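1. Mind looking at a prediction? Sequence and model below.
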Amino acid sequence: MTVKEFMQKVTARNPHEPEFLQAVEEVVTSVWDVYESNPQFMEAKILERIVEPERMILFRVPWFNDKGETQVNKGFRVEFNSAIGPYKGGLRFHPSVNLSIMKFLGFEQIFKNSLTTLPMGGGKGGSDFDTKGKSDAEIMRFCQAFMSELFRHIGPNTDVPAGDIGVGGREIGYLFGMYKKLKNEFVGILTGKGLNWGGSLIRPEATGFGVVYFAQEMLKTINKNFEGKIVAVSGFGNVAWGAIQKVNDLGGKVVTLSGPDGYIYDKDGIKGDKVDYLLEMRASNRDVVQDYAEEYGVPFYPEKRPWEVTCDVALPCATQNELDEHDAENLVKNGCICITEGANMPCTPKAIEIFQKNKKLYSPGKAANAGGVSVSGLEMSQNSLRLKWTREEVDERLHNIMKAIHNQCVKYGTVDGYVDYVRGANIAGFLKVANAMLDQGIV
């Protein structure tokens, strides 16, 4: 069988799921030679099994808005693979959520979690509910309705969800409160919890911190660092917020943010009170970045993306497929040396092809943005031990995890002196999961 024949079979079984098929093709293409050279994997049909979720839960979520009107949303939880630990992955509340996106994110999570060195399987969930424009009371009622179904499928040793787009500390609190009421137990069933009730320090910043730690390791391979570097960032959520803080700590200057409405350019750098203002922007539920431009008197470019800006490092931290081949060509032309994914699959396949063809430092989200789930795993450990580590302890553990992930990518991805981080991350993640599946038999 060839990669093409394999993908034809997967496509036939999963029609109309472009995001999921895109994620599968990237992994399969990267690991195919390893798969073929290990007959025990082929005999056990590891790849055929790994692209099928162990369980998919789809449910309705009826709730009342502030007018007393009944609303109905779709709920999802894709429990993809538990070979190396309980299912672990976020919940996303956004109108774009569908089964294809849930499966793509859950599939990516398998390998991302494998790379962290922590015992976590892969899963993802969420709803097409839109938090934008909703009152706190409406969000609370929706979260309670969502958890009233999800609670029966999760547990501290089974499936431990976290936050994602549209699910922050407020939503995690409402979800946890309902779970505790229904189950009459206080356990680490969700990560991203409040610091007063089982949460971990630096969890909100963790994905962004991890992205920058990973990019720093990439830059070291060409004897460079963040000192004095101009950095373009997309998004303005938790990932971008954390990344900006860490870039500033390491001596770089972030000059862009973006939202669904366009992007801003701040030549003086996003630092100090400007970083704190991102929290106000998110809390407003307006989901626009133009507010920053108006607050600080900087240029705003409506309905455009920041990848036309001259920069040394690009950190796409918004959403999937936000950076296409045109953007990639702009970055290459403008001398960008490092592109590190902060979001899940933000670069299209053609964009990645351009980066690799031009021998740019490029790393996929499954490696570079694993900091968030890593600290979620550390939160699980703290909950199990009934302990709380200091900010410095968590940050040091996160930094070491990101270094370890980078080392795995270099080990498996170096070809003729160039590090193919996509290949390295996929092979390293795949081998750990594949061997665990082999050890556990055909189940």
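-> Yep, it's here. Residues are numbered from 1 along each chain as shown.
2. Please count neighbours and contacts with C-alpha atoms only from this point.
-> Fine.
3. burial count for T29?
-> By the criterion of other Cα atoms under 10 Å, T29 has 15 neighbours.
4. Find the helix or strand that it is a member of.
-> In the assignment (DSSP states H and E), T29 maps to helix 18-36.
5. who does that helix touch, helix- and strand-wise?
-> Helix 18-36 makes packing contacts with helix 3-13, helix 39-43, helix 99-115, helix 421-439 when contacts are defined by 3 or more Cα pairs under 8 Å, 6 or more residues apart in numbering; DSSP states H and E.
6. deepest of the ones you listed, which one?
-> Stretch with highest mean neighbour count among the helices and strands packed on helix 18-36: helix 99-115 (a mean of 27; mean count of other Cα atoms under 10 Å).
7. What angle do helix 18-36 and that helix make with each other?
-> Interaxial angle of helix 99-115 relative to helix 18-36 (axes from the mean of the first three to the mean of the last three Cα atoms, to 10 degrees): 40 degrees.
8. Pull helix 99-115 out as CSV, backbone CA atoms only.
-> Extracted in CSV, the C-alpha atoms of helix 99-115 (Å, rounded to 0.1, in the frame of the first residue of the first chain):
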residue,chain,number,x,y,z
LEU,A,99,-17.0,17.1,13.8
SER,A,100,-14.1,17.6,11.3
ILE,A,101,-12.5,20.2,13.5
MET,A,102,-13.0,18.2,16.6
LYS,A,103,-11.4,15.1,15.0
PHE,A,104,-8.5,17.1,13.6
LEU,A,105,-7.8,18.7,17.0
GLY,A,106,-8.1,15.4,18.8
PHE,A,107,-5.9,13.6,16.3
GLU,A,108,-3.2,16.3,16.6
GLN,A,109,-3.5,16.1,20.4
ILE,A,110,-2.4,12.4,20.3
PHE,A,111,1.1,13.3,19.1
LYS,A,112,1.4,16.6,20.9
ASN,A,113,0.7,14.9,24.2
SER,A,114,3.0,12.0,23.3
LEU,A,115,5.8,14.6,22.8
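9. Can you name every helix or strand that that helix contacts?
-> Using 3+ Cα pairs under 8 Å, 6+ apart as the contact criterion, the elements in contact with helix 99-115 are helix 18-36, strand 70-81, strand 87-93, strand 121-127, helix 365-368, helix 421-439.
10. rerun that using 6 Å as the cut-off
-> Contact here means 3 or more Cα pairs under 6 Å, 6 or more residues apart in numbering; DSSP states H and E; on that basis helix 99-115 packs against helix 18-36, strand 121-127, helix 421-439.
11. who does the shortest one pair up with?
-> Applying DSSP bridges to the sheet, strand 121-127 is found paired with strand 70-81 (antiparallel), strand 87-93 (parallel).
12. just to confirm, which helix or strand has P62 in it?
-> For P62, the host element (DSSP H and E) is strand 55-64.
13. Indicate each strand paired with that strand and its parallel or antiparallel sense.
-> Strand 55-64 is paired, per DSSP bridges, with strand 70-81 (antiparallel).
14. Please name the residues that touch the most centrally placed residue in the chain.
-> Centroid-nearest residue in the chain, with Cα atoms, centre = their mean: N344, separated by 4.6 Å. Shown in contact with N344 (Cα atoms under 6 Å, 6 or more residues apart in numbering): 320, 365.
15. Next one: the closest residue to N73 other than its chain neighbours from F93, what distance?
-> Using Cα to Cα, 6 or more residues apart in numbering and skipping the chain neighbours, the partner closest in space to N73 is V61 (5.0 Å). Distance, V61 to F93, by Cα to Cα, to the nearest Å: 12 Å.
16. Could I get the phi/psi values of the residue nearest to the centre of the chain?
-> Note on N344: backbone dihedrals following degrees, to the nearest 10 are phi -90, psi 110.
17. G377 versus that one, what's the distance?
-> From N344 to G377 the distance is 18 Å (Cα to Cα).
18. N73 too?
-> N73 sits 29 Å away from G377, going by Cα to Cα.
19. I'd like to know how many residues surround Q71.
-> Residues lying near Q71 (other Cα under 10 Å) number 12.
20. how close does it get to S135?
-> Distance, Q71 to S135, by Cα to Cα: 14 Å.
21. Give me the contact list for stretch 206-226.
-> 239, 242-243, 246, 250-252, 342, 368-369, 371-372, 402.
22. quick one: which of those residues is nearest V31?
-> A368 (18.6 Å; Cα to Cα).
23. circling back to that earlier point, report the buried residues of the strand holding P62.
-> By 16 or more other Cα atoms under 10 Å, the buried positions in strand 55-64 come out as 56, 58, 61, 63-64.
24. So which of the residues you listed is the closest to I84?
-> Comparing the buried residues of strand 55-64 against I84 with Cα to Cα places M56 closest, at 18.5 Å.
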